[in-house]
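Asker: kindly return the folded structure for what I paste below:
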Amino acid sequence: MTDVGGLAIPWLTKDALDTFLAGPERAAALWKYPALIVLAAGVQVIFRYFWRTHLFGFSRHIEWDFRNAIVAHLQRLPLRYFTHTKTGDLMSRLTNDMVSFREMLGMGVMAVIDAAFTIATSLLLMVVIDPWLTLWSLLPLPSITILVLLIGNRIFDRYRDVQRHLSTLSTFVQENLAGIRVVQAYVQEENQQRHFDDLSREYQALNLDLVKHWGYVTPVMTVLSGLAATIVLWLGGRKVAMGTMSLGELVGFYGYLGMLTWPMLAIGYVINLYQRGSAALVRLLEILDTPVAAGYQVPGTARVSKVCGEIELRNLSFRYTPDAPLTLQGITLTIPAGTWCGIVGETGSGKTTLVSLLPRLYEPPPGTIFIDGIELCELPLQTLKQAIGFVSQDIFLFSETIRDNILFGNGGATSEDLETAADLAQLTSSIQEFTHQFDTLLGERGVRLSGGQKQRTALARAIVKNPPILILDDAFSSVDIETEERILEQLKGFMRGRTAILISHRISTVMEADQIVYLKDGRIVERGSHEELLALRGYYYRLYRRQLLTRELDALSDNGGARA
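Answerer: Below is the predicted model:
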């Protein structure tokens, strides 16, 4: 109805002009034409409003569904994907590319439908008025098709380059702001600014190149539309002068030709939207085409009412990629339910890799890891991860409150559970120093907390989850030995009856474990209790003696400083 109202106006103008020129006796009826034109314009306004709101709203709904689908898919992708994909690139796709895709669906589809109907109907009415003149007015149109074919692919390639570079620019800004402490500490502000200037200039150059190619489209289309109007004015004017066409018919024909101008320009606009939107869609679909983690592809079928926590590793060997060297080799280990296992070893010996396989952050080979006698891949992924409390050495806190961060894994925990977890993690005294205590906003990545406070917050987050299996991957590296000892003393009661795996560079952390394994080059080279490993006088013994000597020297240094 929007286009019908618009198309009616030139026809009414034609009839009004012919009626007025027919003679004074018919001029009395002329008042009805302005009223009909106003009515047609009113219909056009009303239906254009509903047209735009409903079609644009439709594109917004698709954008909402598509954005949610991508975020949900990202949540299920394997951890390896995020080690090779930059955060800034993903953010650029979810913002700029998503907007381009929405505009293609909204304004692009609306312009196509509007232009197609307007062109078809206008041409039909022009043929009704004068077929011969219509044919002449269409002569410039093939040039538009040629222009579309020549410019379209170039615009697509250049817009894809623009989006890729925007991802690079976004990644640089995100990393620069996230690492602002390092930037300022190493006095690299000017170097980072220069690097950003270079990236911005390259982004500007790519955009200018895109605009240069896009700039050909609209002027050429305008010239071609003007050429068609010139042909109609010349040939139509001659026909009016010869009396083979009325002045009203020429004005009406010219009006329909003018209505073709917007669709002609809309073609170029839609080309731009389509090239941008299709390039953006390709980048978005690259995310959705990435296979999800194996645990989501083939859900475990084992029915488990309760996880007790027995862990068994059978000849476990693992490499991160098919062409990478083995990180773990022939690991065979049994951790009975309710016992502690300490893991020590040199940096890069595979300790973190080993415990990352248990919650399937990385996918272990089949038949190598069992929990309560059930192969890991047979356990439903949600059941498995709910049964494990994991404190990694790379602590991440959200920019929410302390309360939100601790309750992240157990939103149903009570205030008493929250306070108990904070007490066990020796965090209560630190929280009380803040004005808003548990409701203190931490800022990005927990910037308001020290390294030790972050680790204790992460420990409280694992404790409040109340899991049957607790994994602490070097979770005390940022706290002093005295605080670590107090935490471990507090945790003894909590970990009673739970399976615990403690990874540490400090012997003091693992010495009370039921069994201790020493990893070297991805292999277990020693295992046993603290006393048994000391009796072997091997790797563990040498590490213990080294750390004991270091503590004695520190104590002597402190005493010497006190006497001085």
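Asker: where in the stretch 101-250 of the chain is pLDDT low?
Answerer: 141-142, 144-150, 152-153, 156, 181, 185-186, 214, 217-218, 248-250 (pLDDT under 70).
Asker: show me where it has its helices.
Answerer: For the stretch 101-250 of the chain, applying DSSP state H, counting those that start in this stretch gives helices covering 109-129, 131-137, 141-178, 180-185, 189-215, 217-242, 247-288.
Asker: same check, this time on the stretch 301-450 of the chain
Answerer: Going by DSSP H, counting those that start in this stretch, the stretch 301-450 of the chain shows helices at 351-357, 381-386, 402-406, 415-424, 428-432.
Asker: of all these, which one comes closest to S305?
Answerer: Nearest of those to S305, taken as Cβ to Cβ: helix 381-386 at 9.7 Å. C-beta here means a position set from N, CA and C on the backbone, and glycine is covered the same way.
Asker: just to revisit the earlier point, okay, the helices of the stretch 301-450 of the chain in CSV with mean neighbour count next?
Answerer: Shown next, in CSV, are these (neighbours: other Cβ atoms under 10 Å):
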stretch, mean neighbour count
helix 351-357, 22
helix 381-386, 18
helix 402-406, 22
helix 415-424, 17
helix 428-432, 15
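Asker: rebuild those as CSV, extending it with distance to I487 and mean pLDDT.
Answerer: Formatted as CSV, those follow (distance: least, Cβ to Cβ, whole Å; pLDDT from 0 to 100):
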stretch, distance to I487, mean pLDDT
helix 351-357, 19, 89
helix 381-386, 24, 84
helix 402-406, 15, 83
helix 415-424, 7, 85
helix 428-432, 12, 84
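Asker: I'd like these written out as JSON lines, with distance to T368 added.
Answerer: Shown next, in JSON lines, are the helices of the stretch 301-450 of the chain (distance: least, Cβ to Cβ, whole Å):
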{"stretch": "helix 351-357", "distance to T368": "8"}
{"stretch": "helix 381-386", "distance to T368": "15"}
{"stretch": "helix 402-406", "distance to T368": "33"}
{"stretch": "helix 415-424", "distance to T368": "33"}
{"stretch": "helix 428-432", "distance to T368": "40"}
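Asker: what's the closest of these to L135?
Answerer: helix 381-386 (67.4 Å).
Asker: let's see the pLDDT reported for the residue positioned nearest the centre of the chain.
Answerer: Per Cα atoms, centre = their mean, the C-alpha nearest to the average position across the chain is that of L90, at 4.3 Å. Listed pLDDT for L90 reads 83.
Asker: tell me the buried residues in the one helix or strand it maps to?
Answerer: Counting by DSSP states H and E, the element that carries L90 is helix 87-92. Under the neighbour-count criterion of 16 or more other Cβ atoms under 10 Å, helix 87-92 has 88-90, 92 buried.
Asker: same question, stretch 353-370
Answerer: Buried residues in stretch 353-370 (16+ other Cβ under 10 Å): 353-364, 368-370.
Asker: what's it in contact with?
Answerer: With contact meaning Cβ atoms under 8 Å, 6 or more residues apart in numbering, stretch 353-370 is reached by 78-80, 293-295, 311-318, 320, 327-328, 331, 343, 371, 375-377, 381, 384-385, 388, 390, 469, 471, 473, 501, 503, 519, 522.
Asker: what separates it from the chain centre, distance-wise?
Answerer: 26 Å (Cα atoms, centre = their mean, to the nearest Å).
Asker: quick check: which of the helices of the stretch 101-250 of the chain is buried the most?
Answerer: helix 247-288 (a mean of 20; mean count of other Cβ atoms under 10 Å).
Asker: after that one comes which helix or strand?
Answerer: helix 294-297.
Asker: which of the helices of the stretch 301-450 of the chain sits closest to P131?
Answerer: The nearest among the helices of the stretch 301-450 of the chain, by Cβ to Cβ, is helix 381-386 at 69.1 Å.
Asker: domains in the protein, as residue ranges please.
Answerer: 2-151+216-287, 311-387+469-563, 396-466 (automatic domain parsing).
Asker: how about JSON lines for these, with distance to R158 added?
Answerer: Formatted as JSON lines, the domains of the chain follow (distance: least, Cβ to Cβ, whole Å):
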{"stretch": "domain 2-151+216-287", "distance to R158": "9"}
{"stretch": "domain 311-387+469-563", "distance to R158": "34"}
{"stretch": "domain 396-466", "distance to R158": "35"}
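Asker: hmm, back to that, other SSEs contacting the helix holding L90?
Answerer: helix 141-178 (3 or more Cβ pairs under 8 Å, 6 or more residues apart in numbering; DSSP states H and E).
Asker: can you give me the helices for the stretch 451-564 of the chain?
Answerer: 451-464, 481-495, 507-510, 530-536, 539-563.
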